[in-house]
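Participant: Here is a sequence together with a model predicted from it:
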Amino acid sequence: MDEENVNDTYKSNMDTSIKEIRSRIESACARSGRDPNDILLLAVSKTRTASEIMPAIELGLHELGENKVQEITAKYDEINERASALNDAPSVKWHMIGHLQRNKVRQIIGKVSLIHGVDSLALAEEIDKRAAALELPTPVDILIQVNVSEEDSKSGVAAGDAIQLVREITAHCGHLRVRGLMTIAMAVDDPEDARGYFRKTRQLLEQIKDNLPSIGADMDILSMGMSGDFEVAIEEGSTIVRIGTAIFGRRK
């Protein structure tokens, strides 16, 4: 099979996968009385090449999630240039969804639309400092990563410390805007076993909004759910589902 046919088959398979994911999103929303338009399907493009990513953009996924700073910087110009050449395609938006080291913040400020994994005041202050230096016209949107599963292997602030962290960031970081929470549930065989983690995160967001009403007005994002558990996450309130394998297939 020649390269053109291989590419056509890849895109066709991806189209089928995306339609199936959107159908499952709609079903999860119907079960929980939600509007599917309120759910962002974030294409997690980590380890994928530009040639693998472009079909997803052509099929309507214009927001990409990356785990590593070096991958964003390596792909940013090529993907944006190729996407801008598409007819009627909106600009690509990039999300930093992995653990962000303070010494790499400067490489992505001004390039990403949302940073999902802020879990300390020190990191928030570094993002704030870099944003101030660039004199960005709008605040940098961030999510607080919460380790609701309390696993040592996962990043994230403890649930009990999240309200204080939001309070401190808002008080000390004038160039940031806390938009909500992000969590990664414990890996489980049955998605139902992840429900409690997602519910706890939603309840935590509600608690923050109740206790900090002036701050909570901007906090409307819950980044929860991946390929194996996104339907349960939506039923528990997720507004961003981070999907990689179910879109692009298993990594080689």
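Facilitator: Thanks, I have the structure now.
Participant: all strands of the stretch 151-252 of the chain, in order?
Facilitator: 176-182, 221-223, 240-243 (DSSP state E, counting those that start in this stretch).
Participant: Using JSON lines, lay out the ones you listed together with mean neighbour count.
Facilitator: Quick note: C-beta positions are derived from backbone N, CA and C, even for glycine. Formatted as JSON lines, those follow (neighbours: other Cβ atoms under 10 Å):
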{"stretch": "strand 176-182", "mean neighbour count": "23"}
{"stretch": "strand 221-223", "mean neighbour count": "24"}
{"stretch": "strand 240-243", "mean neighbour count": "24"}
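Participant: got a pLDDT number for Val6?
Facilitator: pLDDT for Val6: 56.
Participant: Now do the buried residues in stretch 91-103.
Facilitator: Across stretch 91-103, burial judged by 16 or more other Cβ atoms under 10 Å covers Val92, Trp94, His95, Met96, Ile97, Gly98, His99, Leu100.
Participant: now, which of these sits nearest Ile39?
Facilitator: His95 (14.6 Å; Cβ to Cβ).
Participant: Run through who's touching the lowest-mean-pLDDT helix or strand in the chain.
Facilitator: Least confident helix or strand, the chain: helix 213-216 with a mean of 86, by mean pLDDT, DSSP states H and E. Outside helix 213-216, the residues that touch it by Cβ atoms under 8 Å, 6 or more residues apart in numbering are Val166, Arg167, Thr170, Val178, Ile208, Lys209, Asp210.
Participant: give me that answer again for 7 Å
Facilitator: Val166, Thr170, Val178, Ile208, Lys209 (Cβ atoms under 7 Å, 6 or more residues apart in numbering).
Participant: What sits closest to Ile144 if chain neighbours are left out?
Facilitator: Distances taken as Cβ to Cβ, 6 or more residues apart in numbering put Leu181 closest to Ile144, at 5.3 Å, once the chain neighbours are dropped.
Participant: residue contacts, that neighbour?
Facilitator: Applying Cβ under 7 Å, 6+ apart, the residues contacting Leu181 are Leu143, Ile144, Val146, Thr201, Leu204, Leu205, Leu222.
Participant: and if we set it to 8 Å?
Facilitator: For Leu181, the contacting residues are 143-146, 162, 201, 204-205, 208, 219, 221-223, by Cβ under 8 Å, 6+ apart.
Participant: swap in Leu42?
Facilitator: By Cβ under 8 Å, 6+ apart, Leu42 lies in contact with Glu63, Leu64, Gly65, His95, Ile97, Ser223, Ile240, Val241, Arg242, Ile243.
Participant: Quick check: beta-bridge partners of it?
Facilitator: Beta bridges link Leu42 to Arg242, judged by DSSP bridges.
Participant: Can you tell me how far it is from Ala131?
Facilitator: 22 Å (Cβ to Cβ, to the nearest Å).
Participant: got TSV for the strands of the stretch 151-252 of the chain, with mean pLDDT too?
Facilitator: Putting the strands of the stretch 151-252 of the chain into TSV (pLDDT from 0 to 100) gives the following:
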stretch	mean pLDDT
strand 176-182	97
strand 221-223	98
strand 240-243	98
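Participant: Quick one, which of the ones you listed gets closest to Pro191.
Facilitator: Closest among the strands of the stretch 151-252 of the chain, using Cβ to Cβ: strand 240-243, at 12.2 Å.
Participant: for the closest one, packing partners?
Facilitator: Helices and strands touching strand 240-243, by 3 or more Cβ pairs under 8 Å, 6 or more residues apart in numbering; DSSP states H and E, are strand 40-44, strand 221-223, helix 230-235.
Participant: what's Ile163 in contact with, if anything?
Facilitator: Gln207, Ile208, Asn211, Leu212.
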